[in-house]
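Colleague: just a sequence and a predicted model for now, questions to come.
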Amino acid sequence: MAGSQIERAFNLLERLTRDPGGVPMQTLADELDIPKSATHRMLAELIRLGYVRQNQENSRYHLSTRLVAMAFRYLASSGADIVQPILDRLARETGELVRLGVIEGDRLTWIVKSQGARSGLRYDPDMGRDAPLFYTASGHAWLASLSDAEALGLVERQGVGDRADFGPNAPRSNIELLERLRLARERGYAWVVESSALGTSALACVVRDPQSGRAIGVLSVAGPSARLPEERMHDVAPQLLEASAELSAASQASEFFV
C-alpha cells in the first residue's frame with residue numbers, strides 16, 4: 001500500500017480499530033503492504049505517543065484508550081447536543097435502534113445511535129463502522145439518492161464482500177439491487193428484511209444539506225425482524241422521514257456534517 005508516512009500511520013490505526021483482540025505485527029505489515037521494519041518503527045512511535053499498546057503476553061498490538069478519549073471529547077463539544085435529542089425521540093417512538101451515518105467521500109460511517117428497545121431482543125451494533133452499501137438499508141438509502149451508474153460505481157469501489165456474511169434476502173445481483181433502489185426512490189426511504197443479517201430488519205432515509213439538497217447522511221431504524229416486520233416498517237416510515245427532515249434543517253449547526 002503506497003502512501004506517505006502519515007497515511008501509512010493512519011491506515012495502521014484504522015486496521016487496529018477492526019480487531020480489539022489485537023493484531024500481530026507481521027499481519028499488519030502483510031495486510032497494509034508495509035515493510036516489516038517500517039511497521040515496527042511506526043508501532044514503536046505510536047506506542048511512545050500513547051496511541052498504541054503492545055500486549056506483552058502475546059505480542060499483539062492494540063489501540064490504547066487515548067483515541068477513544070479524544071473521540072468522546074470531540075463529540076462532547078460538537079453537534080451531538082443538536083443531533084442526539086432527535087435520535088432519542090425517534091428511538092422512544094419506535095422502540096428500536098436509531099442510527100445516524102455521515103457521508104464522507106465514498107464512505108458512509110455510522111457515528112451516533114440511540115437505543116429504543118428497553119426489553120426483549122436488542123439489536124445494538126458498534127458505532128464507527130462503515131455501512132456496507134450492497135445489502136444494508138442505510139447503504140440503499142444513500143445509493144437511491146444517486147443515479148444508477150453512480151450507485152453501482154460506489155458499490156464496485158467498496159466491494160460486495162463475502163456473501164456468507166449477508167442475510168438470506170440480500171440482493172443476488174446488481175439488477176436486484178437497482179430494483180430495490182427504484183422502490184426506495186418511489187417511497188422516499190429504503191427498507192430491508194433479513195438482508196444484512198438473519199433475523200434483523202431496517203429502514204433508512206437520507207439527510208440532505210438544506211441548501212444544496214445533496215445527501216450528507218443517513219438516518220435508520222433497525223431491530224429484530226420479529227418485532228419489525230415489513231408492514232410495521234412502512235408504518236414507522238413517516239416518523240423516520242420527519243426526524244430526517246429535522247436533522248436536515250439542523251445540519252448546518254452540527255459539526256457532524258461539516
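Modeller: Happy to help now that I have it. Every value quoted in this text rests on a predicted model; they were computed, and no experiment measured them.
Colleague: contacts and neighbour counts: CA atoms only from here.
Modeller: Noted.
Colleague: pull the contacting residues for V236.
Modeller: Residues in contact with V236 (CA atoms under 8 Å, 6 or more residues apart in numbering) are T94.
Colleague: the domain parsing of the protein - what is it?
Modeller: Split into domains by automatic domain parsing, the chain comes to 5-68, 78-257.
Colleague: quick one, strands of the stretch 101-250 of the chain?
Modeller: 107-115, 190-193, 200-208, 215-224 (DSSP state E, counting those that start in this stretch).
Colleague: pLDDT averaged over the third one - what is it?
Modeller: Averaged across strand 200-208, pLDDT comes to 97.
Colleague: make TSV from the strands of the stretch 101-250 of the chain and add mean neighbour count and distance to Q252 to it.
Modeller: TSV is the format used below for these (neighbours: other CA atoms under 10 Å; distance: least, CA to CA, whole Å):
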stretch	mean neighbour count	distance to Q252
strand 107-115	21	17
strand 190-193	28	25
strand 200-208	27	10
strand 215-224	26	11
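Colleague: most tightly surrounded among the domains of the chain?
Modeller: Per residue and on average, the most neighbours among the domains of the chain fall to domain 78-257, with a mean of 19 (mean count of other CA atoms under 10 Å).
Colleague: quick one: which of the strands of the stretch 101-250 of the chain is nearest R99?
Modeller: Of all those, strand 107-115 sits nearest to R99, with 4.3 Å by CA to CA.
Colleague: where's the residue lying closest to L219 once chain neighbours are set aside, which helix or strand?
Modeller: Using CA to CA, 6 or more residues apart in numbering and skipping residues adjacent in sequence, the residue nearest L219 is L100, 4.7 Å away. Per DSSP states H and E: L100 is located in strand 97-104.
Colleague: which elements pack onto that strand?
Modeller: Applying 3 or more CA pairs under 8 Å, 6 or more residues apart in numbering; DSSP states H and E, one finds that strand 97-104 contacts helix 80-94, strand 107-115, strand 215-224.
Colleague: what's S64 sitting at in phi/psi?
Modeller: With angles defined as degrees, to the nearest 10, S64 sits at phi -80, psi 180.
Colleague: what score does it have for pLDDT?
Modeller: S64 is given a pLDDT of 85.
Colleague: quick one: it from R163, how far?
Modeller: 33 Å (CA to CA, to the nearest Å).
Colleague: what of N169?
Modeller: 11 Å.
Colleague: which of the helices and strands packed on strand 97-104 sits closest to H140?
Modeller: The nearest among these, by CA to CA, is strand 215-224 at 9.8 Å.
Colleague: hmm, who's touching the closest one?
Modeller: By CA under 8 Å, 6+ apart, strand 215-224 touches 91, 94, 96-104, 108, 121-123, 137-138, 141-142, 145, 199-209, 228, 240, 244, 257.
Colleague: what mean pLDDT does it get?
Modeller: 96.
Colleague: that one: how far from the chain's middle?
Modeller: 9 Å (CA atoms, centre = their mean, to the nearest Å).
Colleague: same question, stretch 243-251
Modeller: In terms of CA atoms, centre = their mean, the gap separating the centre of stretch 243-251 from the centre of its chain is 19 Å.
Colleague: tabulate the strands of the stretch 101-250 of the chain (a markdown table), appending distance to P85.
Modeller: Below are the strands of the stretch 101-250 of the chain laid out as a markdown table (distance: least, CA to CA, whole Å):
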| stretch | distance to P85 |
| --- | --- |
| strand 107-115 | 9 |
| strand 190-193 | 23 |
| strand 200-208 | 16 |
| strand 215-224 | 13 |
